[in-house]
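>>> Sequence first, then the predicted structure:
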Amino acid sequence: MTSALVGSLVVLALVDSTSFGTLLIPVWLMLAPERLRVGRILVFLATVAAFYLVLGLLLVAGVATFSDQISDALDSTPVQVVQLVVGVALLMTGIRIGTRKDAGPSGRLLQWRERAVGAGGSAGGLVTLALTAAVVEAASMVPYVAAIGLIGTADLSWPMTVAVLAGYCVVMVLPAVALLAGRVGAAPTVEPLLQRVNAWMERTGRENTAWILGIIGFIVAGNALDGLGVLDQIDSWSKG
């Protein structure tokens, strides 16, 4: 395992640490008007990390076991056509979200936050909330998918793969844990920072979502066009 791989994984994990599930919801919990529920926040973060660890292990096992079959399937014309349709759909969805006139956070996010700080909330409800957030976000966490690809092709032993992926998931929730520790030990200093982080993510959440979907859609559609040979045809026509 090289230092370049470690560095790449750390960067990807830190990018993933800024998502709604790993940062925004924990920050909102820390800002609850009632007493700070440290245990509930830790349960939430532990559930998110455990979900991504299990998901990652399943994906890495699939990459390692079926890499040749996956490669052949992805290169087939039907899959390329489906990929093109998905890419265009993601691109159009990103454009639609980005051009909407309402700037408020999504209803789903509001529901997550209400459930997270409800007076009658339970550990079971919090775990369900964490799993829901993780499942919804999993498909859009491009850095996480990239990290799985790096780990799956790094020729690591299975114990090392588990350890590396576990470390990745820990780094994903580390910023939220650090903010929580600061909120407990230095609330007057840390709370203004939490308020700014929360306000920034609320203010830019829709725009960030639009850009992420648009970029993913553009890349997916571009790769499909390249696999179908459309880009080569366009290039030959332009030179002709």
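Okay, I see it.
>>> just checking, what packs against the helix or strand containing Val82?
Using DSSP states H and E, the element containing Val82 is helix 77-99. Helix 77-99 is packed against helix 67-74, helix 187-227, with contacts defined by 3 or more C-beta pairs under 8 Å, 6 or more residues apart in numbering; DSSP states H and E. Heads up, the C-betas are built off the backbone N, CA and C, glycines and all.
>>> Comparing those helices, which yields the minimum mean pLDDT?
Of all the helices and strands packed on helix 77-99, the minimum mean pLDDT falls on helix 67-74 (a mean of 56).
>>> what's near enough to touch the residue nearest to Pro175 when sequence neighbours are not counted?
The shortest distance from Pro175 to any non-neighbouring residue, by C-beta to C-beta, 6 or more residues apart in numbering, is to Ser17 (4.7 Å). Applying C-beta atoms under 8 Å, 6 or more residues apart in numbering, we find Ser17 in contact with Leu23, Val171, Met172, Val173, Leu174, Pro175, Ala176.
>>> Just the buried residues of the residues you listed.
Burial by neighbour count, 16 or more other C-beta atoms under 10 Å: within the contacts of Ser17 this picks out Leu23, Val171, Met172, Val173, Leu174, Pro175, Ala176.
>>> Quick check: the residue nearest to Pro175 vs Ala210, distance?
The spacing between Ser17 and Ala210, counted by C-beta to C-beta, to the nearest Å, is 21 Å.
>>> now Ser3
Counting by C-beta to C-beta, the gap from Ser3 to Ala210 is 36 Å.
>>> quick one, which of the two is more surrounded?
Neighbour comparison, Ser3 and Ala210: the larger count goes to Ala210, with 18 against 7 (by other C-beta atoms under 10 Å).
>>> For the protein, which element, helix or strand, carries the lowest mean pLDDT?
Ranking every helix and strand in the chain by mean pLDDT, DSSP states H and E puts helix 107-117 at the bottom, with a mean of 52.
>>> and the contacts of Ser17, which two are the farthest apart?
Leu23 and Val171 (12.6 Å; C-beta to C-beta).
>>> one step back: pick the one among the contacts of Ser17 closest to Leu57.
Met172 (14.7 Å).
>>> so what's the residue nearest in space to the middle of the chain up against?
Centroid check for the chain by C-alpha atoms, centre = their mean gives Met141 as the closest residue, at 2.8 Å. By C-beta under 8 Å, 6+ apart, the contact set of Met141 is Asp16, Ser19.
>>> That one and Met160: what is the separation?
For Met141, the distance to Met160 - C-beta to C-beta - is 23 Å.
>>> do you know how far the residue nearest to Pro175 is from Val177?
As for Ser17, its distance to Val177 is 10 Å (criterion: C-beta to C-beta).
>>> Give the buried residues for stretch 76-85.
Using 16+ other C-beta under 10 Å as the test for burial, stretch 76-85 gives Gln80, Gln83, Leu84.
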